[in-house]
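K.L.:
here is my input, please return the structure:
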Amino acid sequence: MPNKLLTILLVDDDDVACESVMRSFKKNGIPFPITTAGDGVEALEILRGKHKEKTIGPHTVILLDLNMPRMNGFEFLAEIRQDASLASSIIFVLTTSDSDSDRIRAYEDNIAGYMIKSAVGPQFSKLASLLVGYNQSVELP
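P.N.:
Next up is the predicted model:
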């Protein structure tokens with residue numbers, strides 16, 4: 001592993017999906033710390049250092065669901081891309097939506113990848129492998 005360990009911000013209102021991702025990481029021995037946010041509003045608070053309890057590390061990859069209350073994934077993407085201090089954030093969409101229009105719209109907001117929850121393997125095993133490979137291959141500032 002490189003000297004810079006990723007941290008994960010998992011933005012999803014589905015507790016079962018969040019728990020499955022965390023279990024998959026643990027089962028596969030993936031050491032990335034995971035912080036969860038139930039929607040885009042909470043995620044922005046965490047990213048901006050304004051959350052009362054939750055913090056993240058400097059090399060954060062965001063896993064973003066699209067369908068959430070208060071601030072959905074598209075609203076979050078619009079907000080984050082307009083914030084100069086967060087605009088270069090690495091974001092992978094992790095959603096149930098297989099809609100071409102959702103996929104195109106997300107890529108227009110400069111996401112790193114679009115993954116459908118049902119396609120990332122049993123208990124999110126492909127997601128875990130992807131992030132390990134990403135961490136080993138990509139040089140972050």
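
K.L.:
the protein: strands as residue ranges?
P.N.:
7-11, 34-37, 60-64, 90-95, 113-116 (DSSP state E).

K.L.:
from these, which stretch is densest packed?
P.N.:
strand 60-64 (a mean of 24; mean count of other CB atoms under 10 Å). For glycine as for every other residue, the C-beta is placed from the backbone atoms N, C-alpha and C.

K.L.:
show me how far it is from its chain's centre.
P.N.:
Taking CA atoms, centre = their mean, to the nearest Å, one finds the center of strand 60-64 at 2 Å from the center of the full chain.

K.L.:
let me have the strands of the chain in JSON lines, extended by distance to residue 49.
P.N.:
JSON lines is the format used below for the strands of the chain (distance: least, CB to CB, whole Å):
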{"stretch": "strand 7-11", "distance to residue 49": "13"}
{"stretch": "strand 34-37", "distance to residue 49": "12"}
{"stretch": "strand 60-64", "distance to residue 49": "12"}
{"stretch": "strand 90-95", "distance to residue 49": "18"}
{"stretch": "strand 113-116", "distance to residue 49": "26"}
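
K.L.:
residue 135: which of those strands is closest?
P.N.:
Closest approach to residue 135 among these (CB to CB): strand 60-64, 8.4 Å.

K.L.:
so can I have TSV of the strands of the chain showing mean pLDDT and distance to residue 45?
P.N.:
Formatted as TSV, those follow (pLDDT from 0 to 100; distance: least, CB to CB, whole Å):
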stretch	mean pLDDT	distance to residue 45
strand 7-11	96	11
strand 34-37	96	8
strand 60-64	96	13
strand 90-95	95	17
strand 113-116	93	25
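
K.L.:
can you tell which of those is closest to residue 54?
P.N.:
Among these, strand 34-37 comes nearest to residue 54, with 5.3 Å by CB to CB.

K.L.:
show me what the closest one is packed against.
P.N.:
strand 7-11, helix 15-27, helix 40-47 (3 or more CB pairs under 8 Å, 6 or more residues apart in numbering; DSSP states H and E).

K.L.:
reformat those into CSV and put distance to residue 127 next to each item.
P.N.:
CSV is the format used below for these (distance: least, CB to CB, whole Å):
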stretch, distance to residue 127
strand 7-11, 10
helix 15-27, 7
helix 40-47, 18
